[in-house]
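this one's structure only:
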């Protein structure tokens, strides 16, 4: 979403790179470009005006730090002000009651029902909460069917709502059932409604009052830009929001909503939806998003993702095999499976400091991802014995694999050649890691076109659990 903005910021910062110090004259052109970039990203013009003024004030008042060039200082100031603009720090859901209702509201098509499912999975998996889903959209019967389908797929209990009832009565009946079942969190999915419809907005107020101060999360479509900000403002004025959720953050929208909505409404952004799968939901951290926008990376989020998907026991086995100079096609397949759980190549690389600029030069990474998919198809056509020892792959075996994978003998031979290169690299770089080089995420493969070092999880010498990167970073 923020690729264009990141690129324009990078261009603007070039105006101050190499200067002896920050002065009003040498940051004027930079600020002008920053202002233009934000306006083109559909950020509210009042927000842009105040933001630029604050950055200028902070930059001119900043003392020169020895050993840090003005360009780096300016980027740090930009990061801090962007983080403040978006809320400064992450705001958790308030889930301190014996049973905690969460009311989901918003316009039609914003993604409320999908978010309800995502939030349920997030609270069940990461927060270890016993969740109960209540469909209360009595305008779109398909929404109930959709939510129940999500609930069954995620093995989460749900309420079989009577959609002929008013939303308030559905919510209360759902809460009563949740109490009987001993549930901790009740998520209520309501119908989409226009903020100008007084009667329907009044229904939401009735639901909120009946639930006695629930969390009220409005799902805003990030692709609608400033309109999402305006809608959130009216919903907050009429209903009283406790948080905003930005959906479709994986789109190519300009990002103005994310940068404006907290400032305009004073309602914290609590989650961002980053894809179509149920697992594609992230708690919103203003400082981390500011880092991504400024190409400073987001190593903390990357580590957290790695810790969720990496099998530490499997990673330890992999490390021991590498130490013994062993790396098979089966090992490589396991690594590709791990990286696919982390996300797309571009999404992962954007979390690594400085990689955003390189990605803009490289361009579309889908060919490399397509290549990995083709590799998986070829590998899946091999026997276990062949995966463990590719040296036995003679012409007849290669022909069988090509037929089974729908490719050619040449494609299989090309894969074997590439694998042998990766095998040599992975084993060779083991020594670099032992020598103190930066370790990588365990289970992450050497992506085509990118070099990295293997790492491990496990225990440190003191017995403390190490991060997903093996060595202690923080």
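In hand now; what should we look at? Values in this document were obtained by computation on a predicted structure and should not be read as measured data.

ramachandran angles for the closest residue to residue 108 other than its chain neighbours?
Excluding the flanking residues, the one nearest residue 108 by CB to CB, 6 or more residues apart in numbering is residue 192, at 3.2 Å. All C-beta spots, glycine's among them, are computed from the backbone N, C-alpha and C. Dihedral pair for residue 192: phi -70, psi 140, per degrees, to the nearest 10.

surely residue 192 touches residue 109?
Yes. Residue 192 lies in contact with residue 109 (CB atoms under 8 Å); the separation is 6.7 Å.

who has more neighbours, these two?
residue 192 (19 against 11; other CB atoms under 10 Å).

now do the contacts for the more buried one.
Residue 192 is in contact with 106-110, 112, 137, 139-140, counting by CB atoms under 8 Å, 6 or more residues apart in numbering.

where do the strands sit along the stretch 151-300 of the chain?
157-158, 185-190, 215-221, 243-247, 269-273, 281-283 (DSSP state E, counting those that start in this stretch).

dump these to TSV, plus distance to residue 415 and mean pLDDT.
Shown next, in TSV, are those (distance: least, CB to CB, whole Å; pLDDT from 0 to 100):
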stretch	distance to residue 415	mean pLDDT
strand 157-158	45	97
strand 185-190	46	97
strand 215-221	42	95
strand 243-247	39	94
strand 269-273	36	94
strand 281-283	34	93
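
dump these to a markdown table, plus mean neighbour count and distance to residue 149.
Shown next, in a markdown table, are the strands of the stretch 151-300 of the chain (neighbours: other CB atoms under 10 Å; distance: least, CB to CB, whole Å):
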| stretch | mean neighbour count | distance to residue 149 |
| --- | --- | --- |
| strand 157-158 | 18 | 10 |
| strand 185-190 | 26 | 13 |
| strand 215-221 | 25 | 19 |
| strand 243-247 | 26 | 19 |
| strand 269-273 | 23 | 18 |
| strand 281-283 | 19 | 18 |
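
quick one: which of these is nearest residue 76?
Comparison of these against residue 76 by CB to CB identifies strand 269-273 as nearest, at 22.5 Å.

okay if I get the strands of the stretch 151-300 of the chain as JSON lines plus distance to residue 326?
Shown next, in JSON lines, are these (distance: least, CB to CB, whole Å):
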{"stretch": "strand 157-158", "distance to residue 326": "46"}
{"stretch": "strand 185-190", "distance to residue 326": "46"}
{"stretch": "strand 215-221", "distance to residue 326": "49"}
{"stretch": "strand 243-247", "distance to residue 326": "45"}
{"stretch": "strand 269-273", "distance to residue 326": "41"}
{"stretch": "strand 281-283", "distance to residue 326": "36"}
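
these: which one's closest to residue 307?
strand 281-283 (14.2 Å).

what lines up beside the closest one in the sheet?
According to DSSP bridges, strand 281-283 forms sheet pairs with strand 269-273 (antiparallel).

contacts for the partner strand?
86-87, 91-93, 111, 114-115, 118-119, 122, 217, 222, 243-250, 258, 261-262, 280-284, 286, 289.

quick check: helices, which of these are part of them?
Those of the contacts of strand 269-273 mapping onto helices are 114-115, 118-119, 122, 258, 261-262, 286, 289, per DSSP state H.

which stretches of the stretch 201-350 of the chain have low pLDDT?
Scanning the stretch 201-350 of the chain for pLDDT under 70 picks out the ranges 252-254, 297-301, 350.

number of nearby residues for residue 391?
A total of 8 residues lie near residue 391 under the criterion other CB under 10 Å.

correction: residue 280
For residue 280, the count of nearby residues is 16 (other CB under 10 Å).

domains for the chain, by residue range?
Domain assignment for the chain by automatic domain parsing gives 3-85, 100-294, 302-434.

just say which of those is most tucked in.
Of all the domains of the chain, domain 100-294 has the most neighbours on average by mean count of other CB atoms under 10 Å, namely a mean of 20.

how far away from the center of its chain is it?
On the basis of CA atoms, centre = their mean, to the nearest Å, domain 100-294 sits 18 Å off its chain's mean C-alpha point.

same thing with stretch 287-298?
For stretch 287-298, the distance to the chain centre is 12 Å (CA atoms, centre = their mean).

what do you get for stretch 29-36?
Between the centre of stretch 29-36 and the centre of its chain there are 28 Å (CA atoms, centre = their mean).

which residues are contacting it?
With contacts defined as CB under 8 Å, 6+ apart, stretch 29-36 is touched by 8-9, 11-13, 15-16, 48, 52, 55-56, 74, 78.

would you reformat those as JSON lines and include pLDDT and distance to residue 128?
Shown next, in JSON lines, are the contacts of stretch 29-36 (pLDDT from 0 to 100; distance: CB to CB, whole Å):
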{"residue": "8", "pLDDT": "87", "distance to residue 128": "42"}
{"residue": "9", "pLDDT": "86", "distance to residue 128": "39"}
{"residue": "11", "pLDDT": "84", "distance to residue 128": "45"}
{"residue": "12", "pLDDT": "84", "distance to residue 128": "44"}
{"residue": "13", "pLDDT": "83", "distance to residue 128": "43"}
{"residue": "15", "pLDDT": "77", "distance to residue 128": "49"}
{"residue": "16", "pLDDT": "79", "distance to residue 128": "47"}
{"residue": "48", "pLDDT": "93", "distance to residue 128": "42"}
{"residue": "52", "pLDDT": "94", "distance to residue 128": "44"}
{"residue": "55", "pLDDT": "92", "distance to residue 128": "41"}
{"residue": "56", "pLDDT": "90", "distance to residue 128": "46"}
{"residue": "74", "pLDDT": "85", "distance to residue 128": "43"}
{"residue": "78", "pLDDT": "90", "distance to residue 128": "38"}
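
reformat those residues as JSON lines; add secondary structure and distance to residue 295.
As requested, the contacts of stretch 29-36 are arranged in JSON lines below (DSSP: H, G, I helix; E, B strand; the rest coil; distance: CB to CB, whole Å):
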{"residue": "8", "secondary structure": "helix", "distance to residue 295": "12"}
{"residue": "9", "secondary structure": "helix", "distance to residue 295": "8"}
{"residue": "11", "secondary structure": "helix", "distance to residue 295": "12"}
{"residue": "12", "secondary structure": "helix", "distance to residue 295": "12"}
{"residue": "13", "secondary structure": "helix", "distance to residue 295": "10"}
{"residue": "15", "secondary structure": "coil", "distance to residue 295": "16"}
{"residue": "16", "secondary structure": "coil", "distance to residue 295": "15"}
{"residue": "48", "secondary structure": "helix", "distance to residue 295": "20"}
{"residue": "52", "secondary structure": "helix", "distance to residue 295": "20"}
{"residue": "55", "secondary structure": "helix", "distance to residue 295": "17"}
{"residue": "56", "secondary structure": "helix", "distance to residue 295": "22"}
{"residue": "74", "secondary structure": "helix", "distance to residue 295": "14"}
{"residue": "78", "secondary structure": "helix", "distance to residue 295": "11"}
